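Student: Only the shape, not the letters, is given here:
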């Protein structure tokens, strides 16, 4: 396992899984939100996001979690392991609500500095509005998987935890390529 693509809808646990997997493997973690947003919740241009994603894809090792589906084909081709965290929408909505309460006014580790957690009714609407279309897009992506690619689809947090527990611990956690103590 050298290049891991983690997909899932908002609140599914992608960022948490990426951090925990990094702690087990020592692979560097790249969060799409660091690419998508600049400080002050300013969205990067599509071209800039695509360029930054391509830079990550070109690296020899990574755990890359998140969207920018325009780059999924390239990420998918480079990944040796693909993980889809496919948990129910009501659980995801609850998790987004709870994480917002816990982190309100502070920047989470999977976000760039200057993007403090805030309540956004529009974000909840987005989660609800895209629940079927995003799910379908992820299912189509995985349907193309060649036989030699390691694919994992987790329908519950318990399945994620069981899989993580089955992995040998080989490294320390790293974000954006910089080691951080466990």
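Tutor: Structure received. Note that the coordinates shown come from a computational prediction; the quantities given were computed from them, not determined experimentally.

Student: distance from the centroid: which residue in the protein tops it?
Tutor: Residue farthest from the centre of the chain, counting by CA atoms, centre = their mean, is residue 147 at 23.1 Å.

Student: Report pLDDT for the residue nearest the centre of the chain.
Tutor: What sits nearest the mean C-alpha location of the chain, by CA atoms, centre = their mean, is residue 65, with 2.5 Å. The per-residue pLDDT reported for residue 65 equals 95.

Student: Can you get me the centre-to-centre distance for the longest helix along the chain and its chain?
Tutor: The longest helix of the chain (DSSP state H) is helix 89-103. The chain centre lies 16 Å from the centre of helix 89-103; the measure is CA atoms, centre = their mean, to the nearest Å.

Student: Distance of the nearest residue in space to residue 127 that is not next to it in sequence relative to residue 86?
Tutor: Residue nearest to residue 127 in three dimensions, not counting chain neighbours: residue 10, with 5.1 Å by CB to CB, 6 or more residues apart in numbering. Just so you know, the C-beta spots here come from the backbone N, C-alpha and C atoms, and that holds for glycine as well. Look at residue 10 and residue 86: by CB to CB, to the nearest Å, they are 13 Å apart.
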